[in-house]
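*Asks:* Kindly return the folded structure for what I paste below:
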Amino acid sequence: MRAATPMPFLRHSVSLSIDYLTGNRALSLRRLLVLVAAFALLTGCVTRHTSAPQLVDAGGRLEKTRYQGELVASDGKKIRFTVWQPALKKDQRAPLILHAHGFALTRMNSTMDIYAKLLIAGKTALRAWEQGYWVISIDQRGHGASQGTVGLLEWDKEVADVSLIIDWAQKNLALAERDGDPLIGMVGESYGGGIQLLASVNDPRIDAIVPLTTWYDIEDALIPQGVPKSEWLLVLGVAGYMFNPWHMDHGMTVQVAKEVLFDDTQPALRQKLARNSLAYHCDGGNYPHADAPVIQGFRDVLFPMNHAVGMRDCFRKAGKDVRVIGVEHGHLSPTAQISPRVPVWHVDPVVICDGRRLDLQTMMINWFDMKLRGKKIVDTAVPHWCMTGERAVDAVKDFPPPMVVPVRHVHVGSGSAGLVEWAARPLESAKNWFVPNRMPADWSTPRDGWLRPARVPLLQIAGPTWIVGNPVLEVTVDEADRMNPVLFVRLAAWTPGKGNYRVLSQQVTPLRGKGAQRVEINGVRAKLQKGEVLGLLVNGYSNQFRLTGSGWGTDAGISGTIALPLAGAMR
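*Replies:* Residues are numbered from 1 along each chain as shown. Have a look, this model is predicted:
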């Protein structure tokens, strides 16, 4: 048997070190925080590489263990990874799952690190290993102990590195096969989701992937409508330089970031971003080879639900089994959104699909068992469509058909429109304890914006109604003194008598320039109650784009229509 001897592990410029597992121990919160901090500081610097370990016992059985690996890529850069070896009987084989980490993070090489303890992709990979899967967790190029630069998933580098590791695994591990091909899956969030999508286009040996909260088009995600998403660009830049200070790609320098934030004439960088997206390859007729459940968050302000729809359509063109799971969170604004647990990024462990509570880890394991082990898993265990938990919405397996309503004309007279909302909204709520209806009783009259946002009432809800999907705005921006004005739009709901509003899924979409525009605004999910007013807020300022608006001189009007995906009493 190929894996019953350590000799194959001495080939292909690979060095390995054994690291036997210890039992899990409960951690106090303080100890866990110290552990996370130590992990962030040290894992990118410390990796042991010695001689090949003895991987079998006297009976030819593979021991449950882990060890470190290193490969030399075609450009001479060393790519490091951790192999999680399952306990296997003599001559037994198992599928492989590749674990890909998020931007600025590192691989899972311990049962005590951030992925094993806090992040659902790592916890799922660890659970798969405990259930008999091979798992390889990779330090992607430029991250952790791997050499090279962070190039945002360049095809001939990061994507090629994944295939290099698969080559090695196919030659050196006891991998299960189907018709002579290895059975391989991938799991990861954000940056680790993006690499899965591109690797699944490049390498047909990958059978099943689970991309969590990632992008379909990264240019659209970071620079929507040509407006740089300054808050997240700064967060990513700081994280990259903090944890990979010498490994940032020359195309992602501080100077380039500054030019992107304050000058949108960066076509070379924008073209590079476009090429690093599944959208670019799908548009060129190059489709994924793997099946995938796409897991995307409605509160995710970096990669909103619109990206899940793009991924779904691409996988459908390839004839693949693609499913869409809408979760509540994802990438959260550090200054404007509260995370239930992990700062900046969070996914709940439980999702409600068609009225049923499903454990997300179990769902992902079921997916791999179905695709890589051939187990018969009922469809309800990995739903084809899950959005709200409401049976009436989930049952149709798609977003509701749109209802088109007018957007009456409003004027935004200042780039500070919305700047004082952090103070104005709580004051407004407090005043309404004494003087109700500080805003129009039913939002029947549009309000222009100056220090506060412009407010456009759209419709009043007749009964329980869900809005779930990606609304489409078709408007004309007029009266613009600036050549290239920037406005920010948000969908909001207001209950008459309470005097305040809630922004649906906390999503903000920019508009740029004058004239007619058709924009699919960020996807939302919300349940609207009888009597509530659904409206549009138009700002000259947004804290998610705080450096990239058109400034204090913004002066523009807006009017047109919006197509709203509604299900329930309003239909």
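
*Asks:* Domain ranges for this structure, per the record?
*Replies:* 61-394, 402-568 (automatic domain parsing).

*Asks:* Flag whichever of these has the least confidence on average.
*Replies:* When those are compared by mean pLDDT, domain 402-568 comes last with a mean of 86.

*Asks:* Next, the distance between the ends of that one.
*Replies:* Domain 402-568 has an end-to-end distance of 12 Å (Cα to Cα, to the nearest Å).

*Asks:* likewise stretch 294-303?
*Replies:* Start-to-end, stretch 294-303 (Cα to Cα) is 12 Å.

*Asks:* cool, stretch 342-360 as well?
*Replies:* By Cα to Cα, the extent of stretch 342-360 from end to end equals 17 Å.

*Asks:* What are the contacting residues of it?
*Replies:* When contacts are defined by Cβ atoms under 8 Å, 6 or more residues apart in numbering, stretch 342-360 is touched by residues 102, 118-120, 189-190, 212-213, 235, 295, 297, 325, 327-332, 334, 339-340, 361, 363, 380-381, 383, 386, 388-391, 394-395. Bear in mind the C-beta positions are built from the backbone N, C-alpha and C, glycine included.

*Asks:* Show me which of those residues are buried.
*Replies:* Buried members of those, scored by 16 or more other Cβ atoms under 10 Å, are 102, 118-120, 189-190, 212-213, 235, 295, 297, 325, 327-332, 361, 363, 381, 383, 386, 388-390, 394.

*Asks:* In helices, which of these appear?
*Replies:* I120, V235, Q361, M363, D394 (DSSP state H).

*Asks:* From those, pick the one nearest L491.
*Replies:* Within these, the smallest distance to L491 is 21.2 Å, found for D394 (Cβ to Cβ).

*Asks:* I'd assumed C386 was in contact with that closest one.
*Replies:* Yes - contact criterion Cβ atoms under 8 Å: D394 and C386 qualify, at 5.8 Å.

*Asks:* Without its sequence neighbours, what residue ends up closest to G188?
*Replies:* Distances taken as Cβ to Cβ, 6 or more residues apart in numbering place A100 nearest to G188, at 3.4 Å, with adjacent residues excluded.

*Asks:* Ignore what I typed, I meant G193.
*Replies:* In space, G193 is closest to T214, 2.8 Å off (Cβ to Cβ, 6+ apart).

*Asks:* ok, that neighbour touching S200?
*Replies:* No - between T214 and S200 there is no contact under Cβ under 8 Å: 11.9 Å.

*Asks:* Looking at these two, which one has more neighbours?
*Replies:* Just comparing T214 and S200: by other Cβ atoms under 10 Å the higher neighbour count belongs to T214, 31 against 28.

*Asks:* And that one, its phi and psi?
*Replies:* In terms of degrees, to the nearest 10, the main-chain angles of T214 are phi -130, psi -170.

*Asks:* picking up where we left off before, which of the contacts of stretch 342-360 fall in strands?
*Replies:* Among the contacts of stretch 342-360, DSSP state E puts E189, L212, I295, G297, I325, V327, G330, H331, C386 in strands.

*Asks:* So what's the residue count around the spatially closest residue to P334 that is not a sequence neighbour?
*Replies:* Closest residue to P334 apart from its sequence neighbours, by Cβ to Cβ, 6+ apart: V344 at 5.6 Å. Residues within reach of V344, counting by other Cβ under 10 Å, total 15.

*Asks:* How much space separates V344 from L536?
*Replies:* Per Cβ to Cβ, to the nearest Å, V344 is found 28 Å from L536.

*Asks:* And T495, by the same measure?
*Replies:* According to Cβ to Cβ, T495 and L536 sit 17 Å apart.

*Asks:* Between these two, which is the more surrounded one?
*Replies:* L536 (25 against 15).

*Asks:* what's across from that one in the sheet?
*Replies:* Counting by DSSP bridges, L536 forms beta bridges with V456, L491.

*Asks:* Just list the residues touching it, thanks.
*Replies:* Counting by Cβ under 8 Å, 6+ apart, L536 has contacts V407, R455, V456, L458, V489, R490, L491, A492, I562.

*Asks:* Could I get the full set of helices for the stretch 101-250 of the chain?
*Replies:* Taking DSSP state H, counting those that start in this stretch as the test, the helices found in the stretch 101-250 of the chain are 114-117, 120-130, 160-172, 191-202, 218-222, 230-243.

*Asks:* Nearest residue to the middle of this protein?
*Replies:* What sits nearest the mean C-alpha location of the chain, by Cα atoms, centre = their mean, is T213, with 2.1 Å.

*Asks:* ok, it to M311 distance?
*Replies:* Distance, T213 to M311, by Cβ to Cβ: 11 Å.

*Asks:* just P245 next, same as before
*Replies:* 32 Å.

*Asks:* Between these two, which is the more surrounded one?
*Replies:* Shown here are P245 and M311; by other Cβ under 10 Å, M311 has more neighbours (26 against 9).

*Asks:* for that one, helix, strand, or coil?
*Replies:* helix (DSSP: H, G, I helix; E, B strand; the rest coil).
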